[in-house]
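Participant: sequence first, predicted coordinates after that:
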Amino acid sequence: MALLQLRNIYRTYHIGEVYVHALNGVDFDVEKNEYLSIMGPSGSGKSTLMNIIGCLDTPTKGSYELDGQSIHREKGDESGTAGDDQLAYIRNHKIGFIFQTFNLLPRMTALHNVELPLIYGGVPKRERMERARTALENVQLVDRMYHHPNELSGGQRQRVAVARALVNNPSIILADEPTGNLDSKTSSDIMDLIDKLHEQGNTIILVTHEHDIAARAHRVVHMLDGKINEDNMKKK
């Protein structure tokens, strides 16, 4: 069974008197330990698809299963749709998020930013500290763990974000334009780190508009007008 399965996914937004069809019947599977990138022009639906995969948004229509659990079903399906508490648990325990804008809290140290998912998960303080420190060690940033975001470079802040994404040992890492605010050298360093995460067994789904970044993945999905236009797997 695939790690995640999306069938006939639609997402429509009602803005004033206008209906915007962001996704128009997407069928999409991801296997465990895949490394794939999602590309497409602005408005193609790639960010909406990422938000649905990450349980940050829900489909208007269609079904979604993640790691054997029903996230969303068509109306009338007895298996139903995951509730808010279930979705919060999934976001906190099964998915690690890496954002273009880092999304770090400015008044917290790097260590405390990495701890946040563990706080939400009710992990005891001593264990939180140990796990957050280990996560920062894994991204070569333990010597900056008591620094605040404004005391870190862009690349260091993104490393903190990567550590935070990893601290709960998620099933999937979702990276939304993770190098968008970084220079080319720092971008390469961050992508080397993401490559390493995949080699260690993580499933990586990456949204990017940069072809050289997308080329790092083993599978490249192109979106257009809310649909998957191409789905290319690299030959081994």
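Facilitator: Done, it's in. Residues are numbered from 1 along each chain as shown.
Participant: now do the contacts for the nearest residue to residue 45 once chain neighbours are set aside.
Facilitator: Among residues not flanking residue 45 along the chain, residue 226 sits closest, at 4.2 Å (Cβ to Cβ, 6 or more residues apart in numbering). In this view, the C-beta of every residue, glycine as well, is placed from N, C-alpha and C. By Cβ atoms under 8 Å, 6 or more residues apart in numbering, residue 226 lies in contact with 11, 21-26, 44-45, 48.
Participant: if you rank those residues by neighbours, which is first?
Facilitator: Counting neighbours by other Cβ atoms under 10 Å, residue 23 leads those with 28 neighbours.
Participant: doesn't that residue fall inside a strand?
Facilitator: Yes: secondary structure assignment places residue 23 in a strand (DSSP: H, G, I helix; E, B strand; the rest coil).
Participant: where does the nearest residue in space to it that is not next to it in sequence fall, secondary structure wise?
Facilitator: Of all residues not flanking residue 23 in the chain, residue 11 sits nearest, at 4.1 Å (Cβ to Cβ, 6+ apart). In the assignment (DSSP states H and E), residue 11 maps to strand 4-15.
Participant: tell me the buried residues in that strand?
Facilitator: Of all the residues in strand 4-15, those buried under the rule 16 or more other Cβ atoms under 10 Å are 4-7, 9, 11.
Participant: pLDDT and distance to residue 147 for these - can I get that in a markdown table?
Facilitator: Converted to a markdown table, the buried residues of strand 4-15 look like this (pLDDT from 0 to 100; distance: Cβ to Cβ, whole Å):
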| residue | pLDDT | distance to residue 147 |
| --- | --- | --- |
| 4 | 93 | 36 |
| 5 | 95 | 41 |
| 6 | 95 | 39 |
| 7 | 94 | 45 |
| 9 | 96 | 41 |
| 11 | 95 | 39 |
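Participant: nearest to residue 194, of those?
Facilitator: Nearest to residue 194 out of those is residue 4 (Cβ to Cβ; 18.6 Å).
Participant: my guess is the closest one contacts residue 27. True?
Facilitator: No: using Cβ atoms under 8 Å, residue 4 is not in contact with residue 27; the gap is 11.8 Å.
Participant: which residues in this protein form strands?
Facilitator: For the chain, the strands defined by DSSP state E occupy 4-15, 18-30, 35-39, 61-66, 69-72, 95-99, 172-176, 203-207, 219-224, 227-233.
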